[in-house]
Every structure is written in C-alpha cells, then in structure tokens.
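Student: here are the coordinates; sequence isn't available:
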C-alpha cells in the first residue's frame, strides 16, 4: 500500500492485498496553491515511481528534511505487516524528527556487528537500534552479549558524532516462556544500559513500557 500526505495530513491510502507485481496509475485532485506532498511506498515490494504528470501551469520541486537518520532493527523496524507504511514507528519517528530515513530493518534479524561494515550513503545525525526480541528468543546469553557489545562498540567507533537511541524490546505475547538466554526479556533493557554506559552519545529507551501489554493491539 501507498500513503499520500498533503501538508502533513494523510489524504489517500491506496494499493492492493497480496504480492502481485503490477503497474498502475492514480489521479489525485489537489487544492489550489502551494502545498507539500509526501508519498510513502510499500515496505513489502521494490516499487518505482515512473513518471508524474501535472496540469498546465503547475510546477513541482524537491524538498528535503533537516536531519538524516539510519534505523537498524528487526521486523518491527522494517514495518512488517503495516498496512499503512507511514504509520510504522520508524516512519513516525522520522516524521517527528524531520529526518530523512534509511530503514535498515530486516525481518527476523538479531544483533549482527558485520552489518556495520557496509558503507551508508550519508553520515547520520540520528541512529536508532532496535534489536533484542529475536536475540532473546533464539540466542544464548553468551552469544547475545558478544554480538550486542560488539555491535554497540563498532557503532560508537564508526559514528562518534551521531545521537544513537537504543530501543530495548517491546512486550511480546510469549514473554513468560523460557529461552536459551535464560533471562526475562525485560532484562534486555538493563543489559543495553550496561553495555553502553561508557558512550556519551547513546541513549537507551525501555521499550517494555512503550506499549500496552495486550494482544488486541497486535496483528
């Protein structure tokens, strides 16, 4: 699905269910005068805007947000299952920070320090890191500590001037079960704080208390 915003408010939401690969077009009637348009693309398909046609006398120019941000994380950051791509937490965060965002969320991912070896197209003002829920589900404590410490260490060395926000895992419906990590998932916040305590440019957010602990709020 696509979301179109006009002057900061959602005006249209269009697209289709399923994974069919197809082309298409849409006609949009806009109010008179100067306005700002933002078009959000689907998270689930590689999509291209091929051309734009304007009425006679109309003009268009590109706008850029004030800051730049890179978002690392798993499917929650990626936006998985979000019918409205503009309403994922990553998209909303970029809107509110006035930041151009490179979303590097990967469904099912865990802390993976080698991901930082890839050169990014810009130096970010903000970085968000939101791993931990899959690590808690799949990794031993030893593996988690090595990968998490390593990721934060490399990030601090590579981006010393960026403000890094590390978001500990949100509540999940099976958070009471035992995993190989042998720690409550809520403990990941404490571990983030411990592993980043020497990095002045890091802020840790306790994701556990960000959302209601109710299955009805989840797909």
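Tutor: That came in fine, so what should we check first? Worth saying up front: this structure is predicted, and the values here are computed from it rather than measured.

Student: what ranges of the chain fall below the confidence cut-off?
Tutor: Along the chain, the parts satisfying pLDDT under 70 run over 19-21.

Student: Stretch 168-178 spans what distance, first to last residue?
Tutor: Stretch 168-178 stretches 18 Å from its first residue to its last (C-alpha to C-alpha, to the nearest Å).

Student: Flag every buried residue along the top helix by length along the chain.
Tutor: Longest helix in the chain by number of residues (criterion: DSSP state H): helix 141-158. For helix 141-158, burial by neighbour count (16 or more other C-beta atoms under 10 Å) applies to 141, 144, 145, 147, 148, 149, 150, 151, 152, 153, 155, 156. Using the backbone N, CA and C atoms, a C-beta is placed for each residue, glycine as well.

Student: wait, residue 156 sits on residue 201?
Tutor: Yes: counting by C-beta atoms under 8 Å, residue 156 touches residue 201, with 7.3 Å between them.

Student: now residue 203, what's its secondary structure?
Tutor: Classification of residue 203 using DSSP: H, G, I helix; E, B strand; the rest coil returns strand.

Student: and it, how far is that from residue 143?
Tutor: Distance, residue 203 to residue 143, using C-beta to C-beta, to the nearest Å: 25 Å.

Student: So which residues of the protein form strands?
Tutor: 2-6, 9-14, 37-40, 67-73, 99-105, 126-130, 163-167, 202-205 (DSSP state E).

Student: Next, the angle strand 126-130 makes with the fourth one.
Tutor: Angle of strand 67-73 versus strand 126-130, following axes from the mean of the first three to the mean of the last three C-alpha atoms, to 10 degrees, is 10 degrees.

Student: and what of the second one?
Tutor: On the basis of the same axes, to 10 degrees, strand 9-14 is oriented at 50 degrees to strand 126-130.

Student: and strand 9-14, what other elements does it pack with?
Tutor: Applying 3 or more C-beta pairs under 8 Å, 6 or more residues apart in numbering; DSSP states H and E, one finds that strand 9-14 makes contact with strand 2-6.

Student: in the strand it packs on, what counts as buried?
Tutor: Result for strand 2-6 [16+ other C-beta under 10 Å]: buried residues 2, 3, 4, 5.

Student: which one among these gets closest to residue 188?
Tutor: Distance to residue 188, by C-beta to C-beta, is smallest for residue 3 among the buried residues of strand 2-6, at 31.6 Å.

Student: OK, contacts around that closest one?
Tutor: Neighbouring residues of residue 3 by C-beta atoms under 8 Å, 6 or more residues apart in numbering: 10, 12, 13, 39, 40, 84, 85, 86, 87.
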